[in-house]
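Enquirer: Predicted structure and sequence below. I'll ask about it afterward.
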Amino acid sequence: MGFSASFRSSYCDGGCFLKVQNEIKDSKMRKKFVRASVASSIKSLNIMEIKAPKSEKFRIGVLGASGYTGSEIIRLLANHPNFEITLMTADRKAGQSIGSVFPQLVTQDLPDMVAVKDADFSTVDAVFCCLPHGTTQLSLPIIMSFATLEFLITGLTTLYQDYLVRSTRVSKYHHRKIESANHIVVKKYGSELGFKNPKPLKPKQSLFSLITAHFSLKPSSVLEIILIHKQKSGGGEYTGMGFSASFSSSYFDGGRFLKTQNEIKDSKMGKKLVRASVASSIKSSNILEIKAQKSENFRIGVLGASGYTGSEIIRLLANHPNFEITLMTADRKAGQSIGSVFPQLVTQDLPDMVAVKDADFSTVDAVFCCLPHGTTQEIIKGLPNNLKIVDLSADFRLRDVGKYEEWYGQPHKAPDLQKEAVYGLTEISRREIEDARLVANPGCYPTSIQIPLIPLIKAKLIEVKNIIIDSKSGVSGAGRGAKEANLYTEIAEGIHSYGITRHRHVPEIEQGLSDAANSEVTISFTPHLMPMSRGMQSTIYVEMAPGVSIKDLYQHLSSFYENEEFVIVLKKNEVPHTRHVRGSNYCFMNVFPDRIPGRAIIISVIDNLVKGASGQALQNLNLMMGNPENMGLLYMPLFP
């Protein structure tokens with residue numbers, strides 16, 4: 001949580017009492033920064049509501065933004081509350097946007113890349129240096145010559161000692177360059193940092209160690225070095241350091257002493273974790289309104305936690321601030337921990353899984369139902385009426401129970417609930433979802449197809465006849481069950497069609513398109529299985545209405561989804577790739593002219609497990625519970 005203040009805080013768990021005292025001395029401490037990343041164990045009181053002026057963000061530069069480590073830095077910073085990218089360099093990509101190099105980052109509002117020699121380092125407070133080995137040492141004097149602030153440069157390709165410490169591993173030429181850079185730093189900023197008679201650093205002596213020694217800071221207590229930040233401020237000198245966790249640290253500012261002590265007593269505080277990211281900066285003498293209150297987290301149940309969609313729900317909820325998993329079911333894995341089934345989730349503090357028949361639904365406020373088709377209707381029928389439910393199976397997607405029986409080969413066992421269910425294509429049915437108790441989450445193929453087609457059909461820009469759809473999915477779309485057709489040797493190095501003319505998603509797609517057209521729509525749909533774990537692409541061939549052009553289709557889709565966070569219409573001629581949405585809730589799409597006059601080709605891509613299943617389910621439950629729609633979903637795509 002960000003707030004503006006210098007602070008003393010103490011926590012007493014025995015009486016559930018939290019005291020935060022803020023002493024603001026604006027005249028002496030203006031524009032000072034102290035950062036803490038605090039993890040505290042709290043048993044019963046775990047939310048602080050703090051109303052305060054918005055904290056200033058640190059301005060970040062990424063050198064070598066066009067490489068894999070650079071792009072990964074950008075992905076990780078996308079949701080960082082206190083870091084903002086203001087500079088990116090890439091000599092061979094100078095003048096280009098990051099989205100043109102890495103399409104998975106096209107959603108980010110970032111500056112164009114520039115050459116290092118043209119970079120204005122006065123616009124940043126810290127730098128990630130992601131340049132190749134051997135080149136960063138030569139770049140440092142350039143950076144320092146432009147610098148108006150002090151930098152601790154954190155490189156992913158080489159450690160900061162390569163820049164600021166003389167090393168026996170580099171040539172004499174590079175020794176001189178490093179020594180020169182150290183000399184520039186100490187000579188130019190030494191007196192401002194409080195050093196008397198500044199001199200070049202001694203061999204193997206880093207600027208960081210010099211600063212920590214000068215201010216009596218123990219490097220062993222600095223668990224997470226974020227940055228060293230110096231900013232001029234009316235005679236004040238040193239500002240800022242990173243520190244973390246259970247700590248007793250001292251912060252010095254021109255002789256003024258601020259001590260923050262955090263005492264954690266594990267014996268009294270249980271296992272519940274509360275995480276806070278604290279940024280304090282004194283900007284004014286505004287009095288903060290601070291109050292402690294009981295947690296308002298919604299308790300969530302995941303039925304079918306041992307399947308792919310269930311595990312994906314758990315992954316997405318790991319960082320959700322308002323949802324807490326209190327119940328998980330898996331009949332065949334009852335009594336086991338989720339980490340024993342999905343080792344990637346071993347870090348999560350979650351209850352063991354139980355059988356559905358043994359589940360106590362009084363412990364939850366909402367349920368994600370990730371059970372197989374045909375099993376969900378009776379289970380949901382038996383759930384308490386006060387629960388909010390998002391069903392990821394197909395059991396409530398078709399309004400016509402007769403069609404359900406025709407396509408799924410069994411009678412519908414909860415027709416009354418079917419009348420209540422709302423079809424949860426979020427961007428199309430947002431208002432209905434907000435008021436719903438039961439939402440039928442769309443299938444993966446229908447999501448990738450209806451998102452581009454429904455707006456065009458409603459606007460009468462395309463004909464509803466002769467719609468041909470070719471879709472391709474990763475193997476996870478077939479579920480986790482052991483099936484011969486899904487074995488590695490059956491899937492690898494090949495592609496095959498399945499469910500030709502009879503895939504169960506056909507009536508669901510036709511239902512949505514018919515609603516948009518106010519008339520019956522019949523499609524030609526052929527799905528294919530691809531040798532990849534996740535991802536989905538739908539290539540859709542449509543006939544444009546008389547007088548309509550490709551430009552009209554593109555402009556309408558761009559306008560319709562202009563304010564949507566998770567649906568992105570790419571720039572003209574950019575081709576959507578499944579790997580550019582991997583692990584995210586995004587749908588990327590674009591429109592292209594066909595060689596046949598009057599026809600268009602629409603391509604959309606999603607991650608079948610996220611936007612095609614669990615991500616959209618979370619998007620829907622956020623709406624149902626009154627949360628911001630994107631809460632817990634701001635994951636950038638994973639690439640490569």
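Expert: It's in. Numbers count the residues shown, from 1 in each chain.
Enquirer: where does residue 96 sit relative to residue 113, distance-wise?
Expert: Residue 96 sits at a distance of 6 Å from residue 113 (criterion: C-beta to C-beta, to the nearest Å). Backbone N, C-alpha and C define where each C-beta goes, glycine included.
Enquirer: sorry, that was for residue 562
Expert: Distance, residue 562 to residue 113, using C-beta to C-beta: 25 Å.
Enquirer: which of those two has more neighbours?
Expert: residue 113 (25 against 9; other C-beta atoms under 10 Å).
Enquirer: Contact partners for that one?
Expert: 65, 66, 88, 89, 90, 93, 94, 95, 96, 97, 98, 101 (C-beta atoms under 8 Å, 6 or more residues apart in numbering).
Enquirer: Taking these together, which two end up most distant?
Expert: With distances taken as C-beta to C-beta, the most widely separated pair in those is 89 and 97, at 13.5 Å.
Enquirer: Settle it for me: which of these two has more neighbours?
Expert: The neighbour comparison of residue 89 against residue 97 (other C-beta under 10 Å) goes to residue 89, with 25 against 17.
Enquirer: Could you measure from that one over to residue 432?
Expert: Residue 89 is 47 Å from residue 432, by C-beta to C-beta.
Enquirer: and if you look at residue 96?
Expert: Residue 96 is 42 Å from residue 432, by C-beta to C-beta.
Enquirer: what residues go with each domain of the chain?
Expert: 7-293, 298-440, 444-624 (automatic domain parsing).
Enquirer: And those domains, which one averages the lowest pLDDT?
Expert: If these are sorted by mean pLDDT, domain 7-293 sits at the bottom with a mean of 51.
Enquirer: Residue 325 and residue 353 touch, don't they?
Expert: No - at 10.9 Å, residue 325 does not count as touching residue 353 under the criterion of C-beta atoms under 8 Å.
Enquirer: the more surrounded of the two?
Expert: For residue 325 versus residue 353, neighbours defined as other C-beta under 10 Å are more numerous around residue 353 (25 against 22).
Enquirer: contacting residues for that one?
Expert: 305, 306, 328, 329, 330, 333, 334, 335, 336, 337, 338, 341.
Enquirer: again, but for residue 528
Expert: 470, 471, 472, 473, 495, 496, 497, 498.
Enquirer: Can you report how many residues neighbour the closest residue to residue 421 other than its chain neighbours?
Expert: Spatial nearest neighbour of residue 421, excluding adjacent residues (C-beta to C-beta, 6 or more residues apart in numbering): residue 396 at 3.9 Å. Close neighbours of residue 396, defined as other C-beta under 10 Å, add up to 28.
Enquirer: Give me the distance between residue 396 and residue 376.
Expert: 8 Å.
Enquirer: How about residue 560?
Expert: 32 Å.
Enquirer: Looking at those two, which is more packed in?
Expert: Using other C-beta under 10 Å as the criterion, residue 560 and residue 376 rank with residue 376 on top: 25 against 19.
Enquirer: Now do the helices in the stretch 251-400 of the chain.
Expert: Using DSSP state H, counting those that start in this stretch, the helices assigned to the stretch 251-400 of the chain run over residues 266-269, 308-317, 338-341, 376-381.
Enquirer: Just the residues contacting the last one, thanks.
Expert: Contacting residues not belonging to helix 376-381 are listed as 303, 356, 369, 371, 389, 391, 393, 395-396, 412-414, 417, 438 [C-beta under 8 Å, 6+ apart].
Enquirer: and it, C-alpha only, in PDB?
Expert: The C-alpha trace of helix 376-381 is given here as PDB (Å, rounded to 0.1, in the frame of the first residue of the first chain):
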ATOM      1  CA  THR A 376     -22.300 -30.100 -12.700                       C
ATOM      2  CA  GLN A 377     -26.100 -29.700 -12.900                       C
ATOM      3  CA  GLU A 378     -27.000 -31.900  -9.900                       C
ATOM      4  CA  ILE A 379     -24.100 -30.600  -7.800                       C
ATOM      5  CA  ILE A 380     -25.000 -26.900  -8.400                       C
ATOM      6  CA  LYS A 381     -28.700 -27.700  -7.700                       C
END
